[in-house]
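Trainee: Got a sequence here, can you model it:
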Amino acid sequence: MKYFFTQTALLAVLLLTQACSSVVRSQQGSEQRHSSPHVHHSEHEVNHDSENSTITQAKLTAPEKILPHQPVALEINIQDPQGKSVTQFEQFQEKLMHVIIVSDDLKIFNHLHPKYKGNGRFEVTFNFPEPNNYTIFSEYKPTGAQEEQVSVMNVRIPGSTPVPSELPKYSNVKILTDTKVNLYFSQPTLFAGKQVNLKFALQDITNKNASNQPVKDLQLYLGEKGHLVIIKSSSPLTASDYIHAHAIQDSPEGQVNFITKFPQPGTYKLWMQFNRQGKVQTADFWVNVE
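Mentor: Numbering: from 1, shown residues only. You can find the predicted model right below:
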C-alpha cells in the first residue's frame with residue numbers, strides 16, 4: 001500500500017452518538033481512488049444503536065515524503081459527510097483539539113495540541129523519531145455535541161522498522177528525573193467492563209534527605225492535576241482502543257487519581273502526564289486486563 005504522494009490525505013469517517021458505547025469496525029479494502037491519483041482514503045466506521053448521531057470526517061494531509069528526525073507539517077481538516085467544513089468547536093481541557101500520536105507498538109507517545117486556523121483546519125508540526133507505522137488519534141468537540149469525538153488516522157514513515165521487542169516487565173513503579181511514580185489499583189485484578197480507580201502516588205526524589213515524600217509542587221496541566229491516556233495493544237489500532245481519562249479533582253496531595261473502565265480484555269499501555277514546576281512529565285505503565 002502506498003502512503004506517500006504529492007499530498008497524502010487520509011480520511012477517517014466517524015459515526016458518533018451522544019451518550020452511548022462505541023464499537024469500531026475497521027473496513028478492510030475500503031480504499032477509494034478519486035479524481036486525483038495522489039489521494040488515499042482510509043475509512044473507519046463507528047456503529048451505534050441510537051439514531052440521534054452526528055457524522056464528521058477528519059482528513060489528514062501530510063507532505064509527499066516524510067523522513068524520521070525532521071519536522072513534519074500535518075494538517076487535519078474536520079468536515080461533514082458532504083465535505084463541508086465544520087467550523088465551530090468547543091474547548092475541552094483548555095484546547096480545541098488534542099492529538100495523540102503513537103507508534104503501533106506503543107513504544108512512542110506524544111500528546112500535541114494543533115493550532116486552529118479556521119474553516120475546520122488544524123495544523124501541527126511533529127518530528128517522527130524513527131521509521132515505523134504510526135496511529136494518530138485526534139479528539140475534538142464540534143459545537144453542540146455532547147461528547148468529544150475521536151478520529152483515527154495512519155501514517156507510515158519509510159525505512160527499516162525496528163523489530164518489536166517483548167513487552168517490558170510489568171511494573172507499578174516509574175522513576176523519572178525528579179519524581180517516583182507509584183501506580184495502585186482499587187482491586188488486585190483488572191477486569192474488562194468493571195470500573196476501576198487508578199491511583200498515581202508521586203514522590204519527590206530530588207532531595208536525598210527527604211526522599212520519597214509526597215510531591216507538593218504539582219501544578220495544573222490543561223486545567224487538571226494530570227491527564228491519563230490509555231491505549232489497548234491491538235493491530236490495527238481503532239477508536240475503541242483509546243481512552244482519555246479525567247483526573248479526580250479532589251485527589252489527595254501528591255496523588256493524581258482517575259476512575260475509568262477498560263472495555264475489553266487484553267494488554268494496555270498507560271501514559272499519565274503531570275506538571276512539576278512548569279515541566280510536563282510522562283510516566284508510562286503496562287497493565288493486563290482479564
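Trainee: Leaving out sequence neighbours, find the closest residue to Glu253.
Mentor: Pro214 (5.7 Å; C-beta to C-beta, 6 or more residues apart in numbering). Quick note: C-beta positions are derived from backbone N, CA and C, even for glycine.
Trainee: and the gap between Asn133 and Arg156?
Mentor: 5 Å (C-beta to C-beta, to the nearest Å).
Trainee: Repeat that for Asp105.
Mentor: For Asp105, the distance to Arg156 - C-beta to C-beta - is 13 Å.
Trainee: Please, where are all the strands along the stretch 151-290 of the chain?
Mentor: 173-175, 179-185, 196-204, 213-214, 218-219, 227-232, 242-246, 255-260, 266-276, 279-289 (DSSP state E, counting those that start in this stretch).
Trainee: just to revisit the earlier point, overlap in contacts of Asp105 and Arg156?
Mentor: Asn132 (C-beta atoms under 8 Å, 6 or more residues apart in numbering).
Trainee: burial measure for the residue nearest to Glu253, as a count.
Mentor: A count of neighbours around Pro214, defined by other C-beta atoms under 10 Å, yields 13.
Trainee: Who are the contact partners of it?
Mentor: Counted by C-beta under 8 Å, 6+ apart, Pro214 has contacts 201-204, 253-255.
Trainee: Show me which of those is closest to Gln146.
Mentor: Gln255 (29.9 Å; C-beta to C-beta).
Trainee: circling back: dump the strands of the stretch 151-290 of the chain into TSV; add mean pLDDT and distance to Ile76 as well.
Mentor: Output for the strands of the stretch 151-290 of the chain, formatted as TSV (pLDDT from 0 to 100; distance: least, C-beta to C-beta, whole Å):
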stretch	mean pLDDT	distance to Ile76
strand 173-175	94	31
strand 179-185	96	31
strand 196-204	96	29
strand 213-214	90	39
strand 218-219	92	29
strand 227-232	97	18
strand 242-246	92	16
strand 255-260	96	26
strand 266-276	96	21
strand 279-289	96	22
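Trainee: I figured Asn212 hits Lys180, correct?
Mentor: Yes. Applying C-beta atoms under 8 Å as the test, Asn212 and Lys180 come out as touching, 6.7 Å apart.
Trainee: Give me the average confidence score over stretch 118-129.
Mentor: Stretch 118-129 shows a mean pLDDT of 96 in the predicted model.
Trainee: and that stretch, how far out from the chain's middle?
Mentor: 15 Å (C-alpha atoms, centre = their mean, to the nearest Å).
Trainee: measure that stretch end to end?
Mentor: End-to-end distance of stretch 118-129 (C-alpha to C-alpha, to the nearest Å): 29 Å.
Trainee: buried sites along it?
Mentor: Buried residues in stretch 118-129, counted by 16 or more other C-beta atoms under 10 Å: 120-122, 124, 126, 128.
Trainee: Lys65: which of the residues you listed is nearest?
Mentor: Phe128 (11.8 Å).
Trainee: thought that closest one was touching Ile66?
Mentor: Yes. With contact defined as C-beta under 8 Å, Phe128 reaches Ile66; the gap is 6.5 Å.
Trainee: what is in contact with those two at once?
Mentor: Both Phe128 and Ile66 are in contact with 72, 155, 157, where contact means C-beta under 8 Å, 6+ apart.
Trainee: and the last one, how many neighbours?
Mentor: A total of 22 residues lie near Ile157 under the criterion other C-beta under 10 Å.
Trainee: That one bridge partners, please.
Mentor: Asn132 (DSSP bridges).
Trainee: Spatially central, which residue of the protein would that be?
Mentor: Ile100 (3.4 Å; C-alpha atoms, centre = their mean).
Trainee: Could you check how far that one is from Tyr134?
Mentor: 11 Å.
Trainee: got it, and Asn172?
Mentor: 28 Å.
Trainee: if you count what's nearby, which of those two comes out ahead?
Mentor: Between Asn172 and Tyr134, Tyr134 has the larger neighbour count (other C-beta under 10 Å), namely 20 against 13.
Trainee: So if I had to pick from Asn212 and Lys180, which one is more boxed in?
Mentor: Lys180 (17 against 10).
Trainee: residue contacts, that one?
Mentor: 173-174, 202-205, 212.
Trainee: can you do 7 Å?
Mentor: Each residue near Lys180 by C-beta atoms under 7 Å, 6 or more residues apart in numbering is listed here: 173, 203, 205, 212.
Trainee: try Gly159
Mentor: 68, 131 are the contacts of Gly159 under C-beta under 7 Å, 6+ apart.
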